[in-house]
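Trainee: could you work out the structure for the sequence below:
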Amino acid sequence: MRRTERLKKIKQYMGEHKESEIDGFKSFLDCSESTIRRDVKILVQQGILKEHHGSVELVEQNVNDTFINQRLNENIDKKDKIGKHASKLVSDDAFIYIDAGSTTYHLIKHLHAKNLTVCTNGLNIATELAKRNIDTIIIKGTIKPTTLAVVGEDAIESISNYNFDMAFMGTNGISSKGYSTPDIKEGILKKKVIEKSRQAFILTDASKMNRTTAYIFSERDECRLITEDGEEGGRLK
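Mentor: Model prediction:
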């Protein structure tokens with residue numbers, strides 16, 4: 001097996017497992033231990049892996065936000081399932097928050113509860129809610145062009161005046177460290193919304209699993225997780 005192929009296999013394996021004993025590579029690499037260690041050294045020098053005593057760890061790279069119009073067309077079936085699951089939790093007369101994002105956007109078409117009031121920081125979210133004649137509050141602040149999210153100090157101040165029955169939040173990464181976003185301003189706002197909500201839910205598909213981005217806005221047990229497979233465990237505040 002050529003070195004380029006071995007390096008590719010190691011990177012694929014580490015992308016799935018994040019950590020591994022160096023001996024673990026023997027199961028899929030047909031080469032000597034000394035060759036494996038030389039390959040590992042190359043990936044360490046490239047900043048892809050971090051080596052410990054007899055083991056290696058994947059060095060996670062921060063990801064940048066992509067444009068909302070692009071994300072709305074990705075994993076549509078999964079996001080639609082997530083929206084259906086989340087909508088079943090919303091009762092009549094509720095005051096809820098819907099976070100800016102592509103997965104949270106798919107919640108709106110499934111909302112059938114009566115007398116809802118929805119607060120949001122997403123321009124596309126607010127537009128879709130208005131089309132469906134749902135009472136909508138959009139917070140003030142600075143618009144972020146890539147995600148059409150309202151962020152900043154004014155947004156934080158706006159949220160401080162509200163107490164939400166439920167908040168439905170998006171995320172760019174889920175790991176043992178918690179839920180994260182690449183944008184610190186968005187992360188600070190998400191954290192504040194969760195503080196002001198009696199129940200907080202993270203809506204995400206499996207593509208965000210085992211990923212950590214720049215800013216962790218919530219610990220894992222602080223919110224309840226909803227994926228395409230339904231709701232996982234969490235904490236009621």
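
Trainee: quick one: least confident helix or strand in the chain?
Mentor: Here the helix or strand of the chain ranked lowest by mean pLDDT, DSSP states H and E is helix 68-71, holding a mean of 67.

Trainee: quick check: what element follows that helix along the chain?
Mentor: Of the helices and strands lying after helix 68-71 in sequence (DSSP states H and E), the nearest is helix 76-87.

Trainee: elements contacting that next one?
Mentor: Counting by 3 or more C-beta pairs under 8 Å, 6 or more residues apart in numbering; DSSP states H and E, the packing neighbours recorded for helix 76-87 are helix 102-105, strand 197-203, strand 224-227. C-beta here means a position set from N, CA and C on the backbone, and glycine is covered the same way.

Trainee: listing request: residues of the chain with sub-threshold pLDDT.
Mentor: By pLDDT under 70, the weakly predicted segments of the chain are 60-73, 233-237.

Trainee: how about a cut-off of 50?
Mentor: By pLDDT under 50, the low-scoring segments of the chain are 234-237.

Trainee: picking that back up, nearest to residue 141, out of the helices and strands packed on helix 76-87?
Mentor: helix 102-105 (17.3 Å; C-beta to C-beta).

Trainee: just give me how far that closest one sits from the chain centre.
Mentor: Computed by C-alpha atoms, centre = their mean, to the nearest Å, the chain-centroid distance of helix 102-105 equals 11 Å.

Trainee: same for that helix, what does it pack against?
Mentor: Short answer (3+ C-beta pairs under 8 Å, 6+ apart): helix 102-105 packs on helix 76-87, helix 123-131.

Trainee: quick one: which of those is nearest residue 20?
Mentor: Residue 20 sits nearest to helix 76-87 of all these, at 28.1 Å, using C-beta to C-beta.

Trainee: hang on, the earlier thing: most packed of the helices and strands packed on helix 76-87?
Mentor: The highest average neighbour count among these, using mean count of other C-beta atoms under 10 Å, belongs to helix 102-105 at a mean of 26.
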